[in-house]
Each structure stands twice: as C-alpha cells, then as structure tokens.
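A.B. asks: Predicted model and sequence below, questions to follow.
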Amino acid sequence: MEDFLKELGLIENNERIKGIIEAVLFASGDPISIKLLAEILDLNEKKVKKIIEEMVEEYSKDSRGLYLIEFNDKVQISTKPEYGEYIKRLIKPGGRQNLSQAAIETLAIIAYKQPITKMEIDEIRGVRSDRAITTLLERGLIKEGGRLETTGRPILYCTTDDFLKYFGFKNIDELPELIEFNIDYEEE
C-alpha cells in the first residue's frame with residue numbers, strides 16, 4: 001500500500017525528503033529550526049529529526065565536503081573544518097582576526113556563568129571587560145539576555161546560537177565540565 005501511495009505522490013520517499021532538506025538548508029545559509037523544516041515538508045517533527053539523523057551519518061563520511069550542524073533544535077549545512085584551508089584560498093585574506101585572550105576569558109566566563117552581568121565578569125577576571133564584551137557582541141558570540149531586577153538594572157549577557165555553532169555544541173549542556181581549582185599556598 002505504501003508503494004502505491006508513493007507512486008501517487010502522497011508519500012515522499014526519504015531520499016527525496018533529504019534532497020528537499022538539503023536544498024532548503026543550502027538556500028537559507030542560516031540555521032533552520034526542526035519545527036520550521038517540518039512545516040515546510042508537511043511532516044511531523046519526529047520524522048524530520050529521524051531523517052536529519054540519517055543525513056548527519058551520511059555527511060560524516062570522509063569523502064563528503066559538507067556536514068550538518070545541529071544545535072538547539074536547529075540544523076545548518078556547513079563545510080567540514082578540515083577543508084578550511086581550501087576555502088581560505090577562495091576567500092581573500094583580511095577577514096576577522098582571532099579572539100584576544102581577554103575575549104576568550106570573557107566568553108568562557110559568560111558560557112559557564114550565564115546569565116551574568118558585566119560587573120560579575122569584571123570581578124571574576126579582576127579587570128574591566130568592556131572591550132572584550134564589545135568584541136563578543138560584534139562577533140555574535142554573546143547577546144544581551146535581559147536585565148537584572150536590581151538597582152541600575154544591569155544587562156545580563158548570555159551566549160548565542162552562533163557560539164554553539166562555532167564551538168560545535170548542540171546545546172549549552174554539552175560544555176565540558178568546569179573544574180575549579182582550590183590552591184592552598186603554604187607559607188615557607
């Protein structure tokens with residue numbers, strides 16, 4: 001019966017659905033939610049998730065130049081990092097520079113302590129973090145996540161989907177465990 005329905009075009013086969021997903025992700029360039037993909041395909045989310053899992057496995061083969069990134073119930077098509085040097089040959093130098101040590105420290109604090117205020121970040125780092133926060137906002141790795149309900153209503157910062165995508169996490173729960181060091185200094 002299912003084959004008959006497929007022939008009538010009432011049920012799409014998985015390969016065709018994969019092709020549609022691939023085309024939609026390619027055309028978008030930006031992450032698309034599983035929910036939106038399900039609406040576009042007129043399928044339930046569970047079916048779309050299963051098909052995406054199959055696609056992730058297919059794209060993981062060494063011979064493929066692309067892969068699917070999944071994070072926060074969104075999916076995006078991207079080039080594999082190991083082919084980055086070839087992409088760089090296409091794209092002219094002069095793009096973004098690497099993050100400074102201060103920006104990396106600030107980003108780590110925000111990732112593990114979010115939502116967090118600038119004052120709290122400064123206290124942890126022991127120095128002002130204005131420039132690092134500005135850089136991270138410009139790069140889209142952090143965002144303003146509301147305001148603290150206290151005097152002055154300071155801005156709360158948190159990470160973005162771009163942060164997850166950049167570091168290859170599906171969600172914030174995949175961050176490595178934070179190890180805190182307790183150093184006891186002995187007087188000599």
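C.D. replies: Yep, it's here.
A.B. asks: Contact partners for the one residue sitting closest to the centre of the chain?
C.D. replies: With distances taken as Cα atoms, centre = their mean, residue 165 lies nearest the centre of the chain, 2.3 Å away. Residues near residue 165 by Cβ atoms under 8 Å, 6 or more residues apart in numbering: 31, 69, 71, 76, 78. C-beta coordinates here come from the backbone N, C-alpha and C atoms, glycine included.
A.B. asks: 10 Å instead?
C.D. replies: 31, 69, 70, 71, 72, 74, 76, 78, 140, 141 (Cβ atoms under 10 Å, 6 or more residues apart in numbering).
A.B. asks: Of the residues you listed, which is the most crowded?
C.D. replies: Counting neighbours by other Cβ atoms under 10 Å, residue 141 leads the contacts of residue 165 with 23 neighbours.
A.B. asks: what separates the closest residue to that residue other than its chain neighbours from residue 169, distance-wise?
C.D. replies: Nearest in space to residue 141, with sequence neighbours left out and distances taken as Cβ to Cβ, 6 or more residues apart in numbering, is residue 163 at 4.6 Å. The gap separating residue 163 from residue 169 is 8 Å, by Cβ to Cβ, to the nearest Å.
A.B. asks: so what sits against both of these two?
C.D. replies: Common neighbours of residue 163 and residue 169 (Cβ under 10 Å, 6+ apart) are 71, 111.
A.B. asks: Could you list the low-confidence segments of this protein?
C.D. replies: 1-12, 91-97, 180-188 (pLDDT under 70).
A.B. asks: ranges for the helices of it?
C.D. replies: 2-7, 14-28, 34-41, 45-59, 84-90, 101-113, 118-125, 130-138, 161-167 (DSSP state H).
A.B. asks: Please name whichever of the ones you listed is nearest to residue 178.
C.D. replies: Residue 178 lies closest to helix 101-113 among those, at 5.2 Å (Cβ to Cβ).
A.B. asks: Contact partners for residue 81?
C.D. replies: Shown in contact with residue 81 (Cβ under 10 Å, 6+ apart): 67, 87, 168.
A.B. asks: I'd say the residue nearest to residue 141 and residue 71 touch.
C.D. replies: Yes: applying Cβ atoms under 10 Å, one finds residue 163 in contact with residue 71, separated by 9.3 Å.
A.B. asks: Now for the two: what residues contact both?
C.D. replies: In contact with both residue 163 and residue 71: 169, 172, using Cβ under 10 Å, 6+ apart.
A.B. asks: tell me the domain boundaries of the chain?
C.D. replies: With domains defined by automatic domain parsing, the chain comprises 2-88, 101-174.
A.B. asks: Right, I'll call it a day here.
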